[in-house]
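1. okay, here's the prediction I keep looking at, along with the sequence it came from:
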Amino acid sequence: MGNFMVEITGVVLAGGKSSRMRENKAFLDVDGQTLLERVVTGLRAVFPEVIIVGDPDAYRGLADRVVADIFPGVGPLAGIHAGLTFASHNLVFVAACDLPFVNGGLASFIAARAEGFDAAVPCVGGRLQPLFAAYRKTCLGPVTRCLEAGRYRVASFLGEVRVRYLTEADFAGWPHLRRVFFNVNTPADVKRLQQKIFAAVPVVGVVGPAKAGKTRLIEGVAAALAAAGYRAAVLKHTDHRLADTPGKDTDRFIRAGAVKTALAGPGGLFYFQTAGEPELGAVLALLEDGVDIILVEGYKEAPLPQIKVTENGEKTASDERTVAVVSADPRVYEGVQVFSPDDAEGVASFIIEHFLRKEESRY
């Protein structure tokens, strides 16, 4: 068996409808491999059996076995049920097919933590991750009862079994932990993946012309989010070159030939580089820890969901990235949520409903 963990079955869930993607996301290409292939390969590296739960005709030959849902059309809980039913081993490790950064070593680490429990489920950044988790066949009865009762949320059965919840403290030393839970649901997610712009928390852009009121809006939104108990990070982009203070140690290092410098200490981090600018994805990775959402002012060409702020109520062009508009004249927009410039609390409520509560209720 080599480095395999014996008596564990890897289960890949590929039964979703991909309605937001408008095509089967399991077959989306990522660096020369489909999403499904990436997940299967990651699990095959550590588990002796890997099965796919999905359409047997579409996925035939891509794993040791392909099985269909016994409770079709009701979501990933049915996939877990089928995986537990058909797995050869008592312990299964479940992974959704839309996770491009599946790490087999991390999967086996989580599975090992199920010793003495019915399930081992990560809870990272305050978010449950039941679609990258380990379950024993002792969960099958509770899962079946939930499905028969029409309780289709993935977490519905967890209160009936012994669960070991794994937090950041349990994963100390694992690099890029949150990246493993980045999932692909929309064409915009694919573009972000291709451009390496991804984060483990929702990212929402606020764009518009200069002096349109973007900063004032973000101030109000950040305050409203904080009042509602959410932790926001804010990233502002500028086209003006950032320069260090002449004579400071970090400036002297650059003048001496260093290409990058950083000053870290209580309260934060200052970073400078001699050429270009930091990649958006790298900055998001720096900000994502310890927050619930990242608001981005600027980066108007980035493939992010955008709230567009207009100037003097003038109509602005919208595209598939536009999720809401802030305008003094809501009559000129159809098919998109419009807020007045002084309704920061309304914008915050919209963000909570569409990006934060949606994440919280996903499972």
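-> Received the coordinates, thanks. These numbers come from a predicted model, not from an experiment.

2. Val50 touches Thr41, doesn't it?
-> No: using Cβ atoms under 8 Å, Val50 is not in contact with Thr41, being 9.1 Å away. C-beta: built from backbone N, CA, C; applies to glycine.

3. okay, domains of the chain per the record?
-> Listed by automatic domain parsing, the domain ranges of the chain are 8-183, 188-360.

4. now mean pLDDT and mean neighbour count too, for those domains, in CSV please.
-> Listed next are these as CSV, based on pLDDT from 0 to 100; neighbours: other Cβ atoms under 10 Å:
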stretch, mean pLDDT, mean neighbour count
domain 8-183, 92, 19
domain 188-360, 89, 16
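
5. from the chain's centroid, how far away is the helix or strand where Leu84 lies?
-> Leu84 belongs to helix 76-86 when assigned by DSSP states H and E. In this view, helix 76-86 has its centroid 23 Å away from the chain centroid, taken as Cα atoms, centre = their mean, to the nearest Å.

6. one more: stretch 180-189?
-> Taking mean C-alpha positions (Cα atoms, centre = their mean), stretch 180-189 and its chain are 6 Å apart.

7. between the two ends of it, how far is it?
-> End-to-end distance of stretch 180-189: 14 Å, with Cα to Cα, to the nearest Å as the criterion.

8. what's it in contact with?
-> With Cβ atoms under 8 Å, 6 or more residues apart in numbering as the test, stretch 180-189 has contacts from 20-22, 25, 28, 35, 96, 98-103, 106, 122, 124, 127, 129, 131-132, 190, 193, 198-200, 303-305, 320-321.

9. same deal with stretch 211-221?
-> 206-208, 232, 234, 236, 295, 297, 307, 309-311, 326, 341, 344-345, 347-348, 351.

10. likewise for stretch 67-82?
-> Contact partners of stretch 67-82, identified using Cβ under 8 Å, 6+ apart, comprise 11, 13, 15-16, 51-56, 83, 85-86, 94, 96, 131, 135, 139-140, 143-144, 146-147, 152-154, 156-157.

11. just stretch 289-300 next, same as before
-> With Cβ under 8 Å, 6+ apart, stretch 289-300 has contacts from 125-126, 178, 199, 201-207, 214-215, 218, 221-222, 225, 230-238, 280, 284, 287-288, 302, 304, 306, 351, 355-356.

12. how far away from the center of its chain is it?
-> In terms of Cα atoms, centre = their mean, the centre of stretch 289-300 is found 13 Å from the chain centre.

13. ends of it, what's the gap?
-> 24 Å.

14. what ranges do the strands span in the stretch 251-363 of the chain?
-> 260-265, 268-273, 293-297, 306-309, 322-326, 337-339 (DSSP state E, counting those that start in this stretch).

15. what packs against the fifth one?
-> The reference is to strand 322-326. Helices and strands touching strand 322-326, by 3 or more Cβ pairs under 8 Å, 6 or more residues apart in numbering; DSSP states H and E, are strand 306-309, strand 337-339, helix 344-351.

16. how about residues contacting the last one?
-> The reference is to helix 344-351. Helix 344-351 has contacts (Cβ under 8 Å, 6+ apart) with 204, 216-217, 219-221, 223-225, 228, 293, 307, 324, 326, 337, 339-340.

17. at 10 Å instead, please
-> 202, 204, 206, 213, 216-228, 230, 232, 293, 295, 305, 307, 309, 323-324, 326, 337-341, 343, 356-357 (Cβ atoms under 10 Å, 6 or more residues apart in numbering).

18. all helices of the stretch 51-200 of the chain, in order?
-> Assigned by DSSP state H, counting those that start in this stretch, the helices in the stretch 51-200 of the chain fall at 56-59, 76-86, 104-112, 140-148, 187-194.

19. what is the orientation angle of the second one with helix 140-148?
-> Taking axes from the mean of the first three to the mean of the last three Cα atoms, to 10 degrees, one finds helix 76-86 and helix 140-148 inclined to each other by 140 degrees.

20. so what's the backbone phi/psi at the closest residue to Thr138 other than its chain neighbours?
-> Spatial nearest neighbour of Thr138, excluding adjacent residues (Cβ to Cβ, 6 or more residues apart in numbering): Asp118 at 4.7 Å. Dihedral pair for Asp118: phi -80, psi -20, per degrees, to the nearest 10.

21. could you do Thr34 as well?
-> With angles defined as degrees, to the nearest 10, Thr34 sits at phi -70, psi 160.

22. renumber starting at 53 from here on
-> Okay, residue one is now 53; in that scheme the one you just asked about reads as Thr86.

23. who touches the closest residue to it other than its chain neighbours in this structure?
-> Distances taken as Cβ to Cβ, 6+ apart put Phe79 closest to Thr86, at 5.0 Å, once the chain neighbours are dropped. By Cβ under 10 Å, 6+ apart, the residues touching Phe79 are 66, 70, 86-89, 110-111, 149.
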